[in-house]
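Asker: 3D model of this:
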Amino acid sequence: MADVDLAKWEPVIGLECHVQLATRSKLFSWAPTTFGAPPNTNVEPVSLGLPGVLPVPNRTAIDYAVRMGLATDCTIRRVSRFARKQYFYPDLPKGYQISQFDEPLCEHGRVRFPFAGTMHEVSLVRIHVEEDAGKSVHAGARSLVDFNRASVPLVEIVSAPDLRSAAEAAEYLRMVRRLVRYLGISDGNMDEGSMRCDANVSVRLRGEREYRPRTETKNVNSFKNVEAAIDHEIVRQVRLYERGQTVVQQTRLWDAERGVSAAMRSKEEAHDYRYFPEPDLPPLVIDDALLAASRAAIPELPLARRLRFSEGLGLSDYDAGVLTEERELADYFEAAVAAGADAKKAANWIQSELLRELNREGKRPAEAPVAPGALAELVRLIDDGTLSGKIAKDVFAKMYTSGEGARAIVEREGLLQVSDTVALEAACRKVVADHPKEAARLPENPKLMGFFVGQVMKATGGKANPPLVNQILKKVLDGG
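Answerer: Got it, this is the predicted structure:
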């Protein structure tokens, strides 16, 4: 990037995020939405657009869309409309897509998220409901079509052009994913296509107020790729302007392997799609009962929970962020604290021991062999001096593999921490006697106290009570 001066240019970024809703059936029919089914098996006459069939809206999909709107402070339009969006792809069986146009379900919301040490807020233009297209599979000189995804329910979350860097855009997208997963309306799996992003990017000289022509990079399917694609597009556009050329408003595709984008087609505007009200569907009416049910189904959201963990439970912002990344993990942590574990100590054990094992096995927190109450018991055994921290890690490993409680393992294997002052004093005196040179150097090198503590712990098989060892060693080394 040495050939461009990025400092004088300001990126202007807006994201269109398509999220597949976690319904069992499609948006307008009874066909299943199961991921990974054999090609063209999740189909029926409605999603295939066969003559004489009529769409019927999926109430659960509408409920899920309303939940997303409420969670992002949108205005919920009590009467909205579906529209036909005309475009012709081989994997779009009807030759048009049922979407929403000038009367979307949700409007004028916001997404708030921490980024670079401050709270950022991105305005939402709209959230609307639409059906997905199918999928073209290219094999050599042939192209095959799989209609399994045709008419799968989506919400499209359209942000205002409020983002100013690729890293900020990726963090915004992470918050959107957290929201849909907390709400239970989507799994947000980008590698399975449950969440996809179109990135609208333009650049302008810093201080300029007007927007310049933008490009849209389609269907980017990971946070890493979103960031890379946006950074690439920023540099590409700056290069064009600094060479005296112009940016053509167009749709582009991202090649993640090569790290470059390529022009796909000229960028369409609304009139290119020839929208008109869907004649086979009446206006979508959100009644009081549906709105109340959707509102009642919204849990404490990730940002509010993160602030509560840091301000109410005294966790660091980092710890609170890790623990609230997934709703299941936050639930696990809260259950451990409710069972009597100190919040900070529970957070440390979850992050250092539990997450390592879960990630290694690809398990979710709800599948953890160590229940929250069992982790709380382990933390309490350390607090009351029954277990040393070192032995506790061994006990946790046994708990994870066996599913047993901490106390049962400790009592069966004789792992109780040694707090007998007579026995510990004898061990301390022997260690000091065996290392006279280190004892003589201690006054000029106080860090040697750690050496003596380590030797006592080694002599007692790691079972000695560390605070008591420090106290007794100090007395012995002082000549007591």
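
Asker: can you pull out the helices in the stretch 201-350 of the chain?
Answerer: Taking DSSP state H, counting those that start in this stretch as the test, the helices found in the stretch 201-350 of the chain are 223-242, 288-296, 302-312, 317-323, 327-338, 343-349.

Asker: Can you say which of those is nearest to residue 123?
Answerer: When the helices of the stretch 201-350 of the chain are compared by Cβ to Cβ, helix 302-312 sits nearest residue 123, at 16.1 Å. Backbone N, C-alpha and C define where each C-beta goes, glycine included.

Asker: State the number of residues packed around residue 46.
Answerer: Close neighbours of residue 46, defined as other Cβ atoms under 10 Å, add up to 21.

Asker: That one reaches residue 28, doesn't it?
Answerer: Yes - applying Cβ atoms under 8 Å, one finds residue 46 in contact with residue 28, separated by 5.7 Å.

Asker: list the residues that contact both of these two?
Answerer: Common neighbours of residue 46 and residue 28, using Cβ atoms under 8 Å, 6 or more residues apart in numbering, are 55, 56, 151.

Asker: wait, the last one sits on residue 30?
Answerer: No - with contact defined as Cβ under 8 Å, residue 151 does not count as touching residue 30 (10.7 Å).

Asker: neighbour-wise, which of the two wins?
Answerer: Counting neighbours by other Cβ under 10 Å for residue 151 and for residue 30 shows that residue 151 has the greater number, 32 against 12.

Asker: quick one: pLDDT of the nearest residue to that one once chain neighbours are set aside?
Answerer: Sequence neighbours aside, residue 47 is the residue nearest to residue 151 in space, at 3.8 Å (criterion: Cβ to Cβ, 6 or more residues apart in numbering). According to the prediction, residue 47 has pLDDT 91.

Asker: Just to check, residue 47 is in contact with residue 149?
Answerer: No - using Cβ under 8 Å as the test, residue 47 is too far from residue 149 to be in contact (9.2 Å).

Asker: Tell me which of the two has more neighbours.
Answerer: residue 47 (28 against 21).

Asker: For residue 74, see how far away the more buried one is.
Answerer: Shown here: residue 47 relative to residue 74, a distance of 28 Å by Cβ to Cβ, to the nearest Å.

Asker: rewinding a little: could you dump the shared contacts of residue 46 and residue 28 to a markdown table with pLDDT, distance to residue 323 and secondary structure?
Answerer: Output for the shared contacts of residue 46 and residue 28, formatted as a markdown table (pLDDT from 0 to 100; distance: Cβ to Cβ, whole Å; DSSP: H, G, I helix; E, B strand; the rest coil):
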| residue | pLDDT | distance to residue 323 | secondary structure |
| --- | --- | --- | --- |
| 55 | 95 | 42 | coil |
| 56 | 95 | 42 | coil |
| 151 | 95 | 38 | coil |
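
Asker: so can I have CSV of those showing distance to residue 282?
Answerer: Shown next, in CSV, are the shared contacts of residue 46 and residue 28 (distance: Cβ to Cβ, whole Å):
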residue, distance to residue 282
55, 11
56, 11
151, 18
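
Asker: Of these, which is the nearest to residue 94?
Answerer: Among those, and counting by Cβ to Cβ, the member closest to residue 94 is residue 151, at 8.9 Å.

Asker: Tell me the buried residues in stretch 437-447?
Answerer: 438, 439, 442 (16 or more other Cβ atoms under 10 Å).

Asker: how long is that stretch end to end?
Answerer: Distance between the two ends of stretch 437-447: 14 Å, counting by Cα to Cα, to the nearest Å.

Asker: how close does the residue nearest to residue 151 sit to residue 85?
Answerer: Taking Cβ to Cβ, one finds residue 47 at 16 Å from residue 85.

Asker: Residue 424 now?
Answerer: Counting by Cβ to Cβ, the separation of residue 424 from residue 85 is 77 Å.

Asker: go on, residue 396?
Answerer: Applying Cβ to Cβ to residue 396 and residue 85 gives a distance of 54 Å.

Asker: now swap in residue 46 and tell me
Answerer: For residue 46, the distance to residue 85 equals 17 Å [Cβ to Cβ].

Asker: ok, now residue 403?
Answerer: Relative to residue 85, and taking Cβ to Cβ, residue 403 is found at 53 Å.

Asker: who's more crowded, those two?
Answerer: Applying other Cβ under 10 Å to residue 403 and residue 85 shows that residue 85 carries more neighbours, namely 21 against 12.

Asker: Can you name every helix or strand that the helix or strand containing the more buried one contacts?
Answerer: Per DSSP states H and E, residue 85 falls inside strand 83-86. Strand 83-86 sits against strand 96-99, strand 276-277, with contacts defined as 3 or more Cβ pairs under 8 Å, 6 or more residues apart in numbering; DSSP states H and E.

Asker: what's the closest of those strands to residue 470?
Answerer: Nearest of the helices and strands packed on strand 83-86 (Cβ to Cβ): strand 96-99, 68.5 Å.

Asker: Neighbouring strands - and their directions - for that closest one?
Answerer: Here strand 96-99 is paired, per DSSP bridges, with strand 83-86 (antiparallel).

Asker: List the buried residues of the partner strand.
Answerer: Across strand 83-86, burial judged by 16+ other Cβ under 10 Å covers 83, 84, 85.

Asker: With respect to residue 220, which of these is nearest?
Answerer: Closest approach to residue 220 among the buried residues of strand 83-86 (Cβ to Cβ): residue 85, at 21.0 Å.

Asker: ok, what's across the strand from that closest one?
Answerer: With DSSP bridges as the rule, residue 85 is bridged to residue 97.

Asker: Can you pull out the low-pLDDT segments for the stretch 151-300 of the chain?
Answerer: Scanning the stretch 151-300 of the chain for pLDDT under 70 picks out 266-271.
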